[in-house]
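> structure of the sequence below:
(2 chains)
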Amino acid sequence: MSKPRLHEGFSLKPEAIPFAPVYEAGFLTRKNGVWRSERPALVPERCNGCLLCALCCPDGAVKATADGKVEFDEDFCKGCGLCARACRRGALTMEKEPCHG
Amino acid sequence: MAKRFLSGNEAFAEGVRLARPQVISAYPITPQTTCVEALASMVESGALEAEYLHVESEHSALSAAIGASMAGARAFTATSSQGLLYMAECLVYASGGLYPIVMMNACRSTALPWNIYCDQRDSLLLADSGWIQAYAASAQEALDLALMSFAIAESPEVATPFMVCLDGFTLTHTYESVEVPESAQADAFLPPYKTENRFDFENPKNLAFSAGPETNYLFKHQEQQGMLNALKAVPQTEARFAQIFGRAYPGLTEGYLLEGAEYVLITLGTVTGIAQKTASDLRAEGFAAGVLRLRYFRPFPSQEIAKALRQVKAAAVIERDVSFGATGAVHQSVCAALQQQGITTRVSCVIAGLGGADISEDDLRGVFADLAAGRHETRFAGIRERRDER
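Next up is the predicted model:
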């Protein structure tokens, strides 16, 4: 599954903006997890690494880790909670996001 | 080149045919209908090779045209009044994306009270939507603007959608003898649309992305520059048009009897005819009248207006519009242009011709008389007596 990623070289400067709001496909121009009010938290001992949560994530923000569990890409997770609802083992809970600076 | 007896709508449709749009999407509305009917007939008969989309609303009409333009096609739509207002959301998508769509708007009053006749409250309400706005004053000019609008809109340094405004009924439904150019001439004037700003399988792009507070203004600045570049593109395109078709146009404004004029009427659209007749008659009577017609409202011809009004004693905008609680959109733009350039000529605002009301020579003589007598307050034509109540 394709993961969201930022274009490394992308920046908009007055002297070098693209012609119209159009850019090379396949990239995001900015991180977009900042409006999240809740975030998923893993209960590792309940996770069996089935990755159902990754399949359900609309933003591709769930990643498999080397030890067969999952972690979340905080730059792009919107906190929608679909992963926690999908999990059949109760391995995910939604926690209040700390106050934004 | 053939001469034909055509209405404004029919003449415009002939101009669109000659421009060879690949996609036309439209929803009929009085008084635009006969234009899109004529185009539908041309597509049906094979006289015009285009995709004609019968959409379910004006919002969809412009949305489809934007989609076509995003795919690199030359796209056309047409509407009027409430239809234009229903499209409003899409107007800014087209201009923000730099998609050079051409639209004909049959200028018509806005509800309520319901009214299908001419004024310019519809198009002037959307003057800030980022579209070039030109106002035709004859069927011939309408046809010629149909061709020139694509050329101006599509030039890479402009890349701005273009709204050609025809006064409802007064121009859309009146007939005159019109020169219809040959296809070969039109093709020489207007080559096929080519752009990089398009959907492309070979070179996938992220079209229409977001731009937050830190970069948004850069795109708006780009849009403003494109629009301002049209100030040069208009006369350049008209010069090229004159070479190929033999008809010359005077740029963003048209002066009439401005030489030595002391009092000037400022007009937009078809009211120009009666204004010029009135000025001509007054000149014969020894009164130094003149007329300044704005052919373009966006980009706004500030320099031309300042030059024309620098020496005159007073001027009045004949405004087929009212911005409730203020004056009218044309008046406000004219005053801002003069003020910016340090010109102190007094300009008054006469709101006239709303909902198709006739504007007579007597009305306009009254405006000139007011100017000469130093009466400058904003007023509705025909409601003079209420002036004293304020």
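> helices of chain B, residue ranges please.
Ranges of helices in chain B, per DSSP state H, are B:8-19, B:33-45, B:58-70, B:81-96, B:121-125, B:139-154, B:183-189, B:216-245, B:272-284, B:302-309, B:329-340, B:361-372.
> how about the residues of chain A near chain B?
Proximity of chain A to chain B, by CB under 8 Å from any CB of the partner chain, involves residues A:12-14, A:17, A:19-27, A:29-30. From N, CA and C alone the C-beta is placed, and that goes for glycine too.
> again, 10 Å this time
Residues of chain A found near chain B (CB under 10 Å from any CB of the partner chain) are A:7, A:11-30, A:32.
> run through the residues that contact the residue located most distally from the centre of chain A.
When each C-alpha in chain A is compared with the mean C-alpha position (CA atoms, centre = their mean), A:E15 comes out farthest, at 32.0 Å. A:E15 makes contact with B:L218 under the criterion CB atoms under 10 Å, 6 or more residues apart in numbering or on different chains.
> contact partners for B:V334?
By CB under 10 Å, 6+ apart, B:V334 lies in contact with B:266, B:292, B:294, B:300-302, B:305-306, B:309, B:315-317, B:319, B:327-328, B:345, B:347, B:349.
> again, only using 7 Å
Residues in contact with B:V334, defined by CB atoms under 7 Å, 6 or more residues apart in numbering or on different chains, are B:266, B:305, B:317, B:347.
> picking that back up, just send the helices of chain B back as TSV, with mean pLDDT too.
Shown next, in TSV, are the helices of chain B (pLDDT from 0 to 100):
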stretch	mean pLDDT
helix B:8-19	98
helix B:33-45	98
helix B:58-70	98
helix B:81-96	98
helix B:121-125	98
helix B:139-154	98
helix B:183-189	98
helix B:216-245	97
helix B:272-284	98
helix B:302-309	98
helix B:329-340	98
helix B:361-372	97
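> can you list the ones you listed in CSV and add distance to B:M1?
Shown next, in CSV, are the helices of chain B (distance: least, CB to CB, whole Å):
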stretch, distance to B:M1
helix B:8-19, 11
helix B:33-45, 18
helix B:58-70, 29
helix B:81-96, 32
helix B:121-125, 30
helix B:139-154, 11
helix B:183-189, 7
helix B:216-245, 8
helix B:272-284, 24
helix B:302-309, 30
helix B:329-340, 34
helix B:361-372, 34
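> still on that earlier bit, can I get the buried part of the residues of chain A next to chain B as one PyMOL selection?
Here is the PyMOL selection string for the buried members of those, based on 16 or more other CB atoms under 10 Å in any protein chain shown:
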select buried, chain A and resi 12+17+18+20+21+22+23+28+29+30+32
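> now intersect the residues of chain A next to chain B with the helices, please.
When these are checked against helices (DSSP H), there are no matches.
> quick check: residues of chain B near chain A?
Counting by CB under 7 Å from any CB of the partner chain, the residues of chain B lying close to chain A are B:96-98, B:197, B:204-209, B:211-212, B:215, B:218-219, B:222.
> show me those residues that map onto strands.
B:205-207 (DSSP state E).
> among the residues you listed, who's most crowded?
Highest neighbour count within those: B:K205, with 19 neighbours (other CB atoms under 10 Å in any protein chain shown).
> that one against A:V22, yeah?
Yes - between B:K205 and A:V22 a contact is recorded at 5.4 Å, counting by CB atoms under 7 Å.
> and the closest residue to B:Q140 other than its chain neighbours, bridged to which residues?
Leaving aside its chain neighbours, B:Q140 sits nearest to B:V178 (5.1 Å; criterion: CB to CB, 6 or more residues apart in numbering or on different chains). Applying DSSP bridges to B:V178 yields these beta-bridge partners: B:R4.
> list the contacts of B:V178.
Applying CB under 7 Å, 6+ apart, one finds that B:V178 lies in contact with B:4, B:6, B:11, B:139-140, B:143.
> swap in B:A279?
If you count contacts by CB under 7 Å, 6+ apart, B:A279 has them with B:256-257, B:265, B:289-291.
> dump the residue contacts of B:A19.
B:146-147, B:150, B:186, B:190.
> tell me the contacts of the residue lying closest to it once chain neighbours are set aside?
Leaving aside its sequence neighbours, B:A19 sits nearest to B:F150 (CB to CB, 6+ apart; 4.8 Å). For B:F150, the contact set (CB under 7 Å, 6+ apart) comprises B:19, B:74, B:102, B:190.
> how close does the second one get to chain A?
Taken as CB to the nearest CB, to the nearest Å, the spacing of B:R74 relative to chain A amounts to 17 Å.
> next one: the last one
The spacing between B:L190 and chain A, counted by CB to the nearest CB, is 21 Å.
> what is the burial count for that residue?
By other CB under 10 Å, 21 other residues sit near B:L190.
> ranges for the helices of chain A?
A:52-56, A:82-86.
> may I see the buried residues of the last one?
I take that to be helix A:82-86. A:82-84.
> repeat for stretch B:66-74
B:66-70, B:72-74.
> would JSON lines of those with distance to B:R247 be doable?
Formatted as JSON lines, the buried residues of stretch B:66-74 follow (distance: CB to CB, whole Å):
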{"residue": "B:I66", "distance to B:R247": "32"}
{"residue": "B:G67", "distance to B:R247": "34"}
{"residue": "B:A68", "distance to B:R247": "30"}
{"residue": "B:S69", "distance to B:R247": "28"}
{"residue": "B:M70", "distance to B:R247": "33"}
{"residue": "B:G72", "distance to B:R247": "30"}
{"residue": "B:A73", "distance to B:R247": "28"}
{"residue": "B:R74", "distance to B:R247": "23"}
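> return the member of those nearest to chain A.
B:M70 (9.2 Å; CB to the nearest CB).
> which residues does that closest one contact?
Residues in contact with B:M70 (CB under 7 Å, 6+ apart) are B:99, B:198-199, B:207.
> what sits against the residue of the stretch 1-150 of chain B at minimum distance from chain A?
Nearest to chain A, among the residues of the stretch 1-150 of chain B, is B:L98, at 4.1 Å (CB to the nearest CB). Applying CB under 7 Å, 6+ apart to B:L98 gives the contacts A:19-20, B:159-160, B:197, B:226.
> which residue is nearest the middle of chain B?
Residue closest to the average C-alpha location in chain B (CA atoms, centre = their mean): B:A134, at 2.5 Å.
> so what's that one up against?
If you count contacts by CB under 7 Å, 6+ apart, then B:A134 has B:145, B:149, B:164-165, B:295-296 around it.
> if you set the cut-off to 10 Å instead, what comes out?
Going by CB under 10 Å, 6+ apart, B:A134 touches B:141-142, B:145, B:148-149, B:152, B:162-166, B:230, B:234, B:252, B:294-298.
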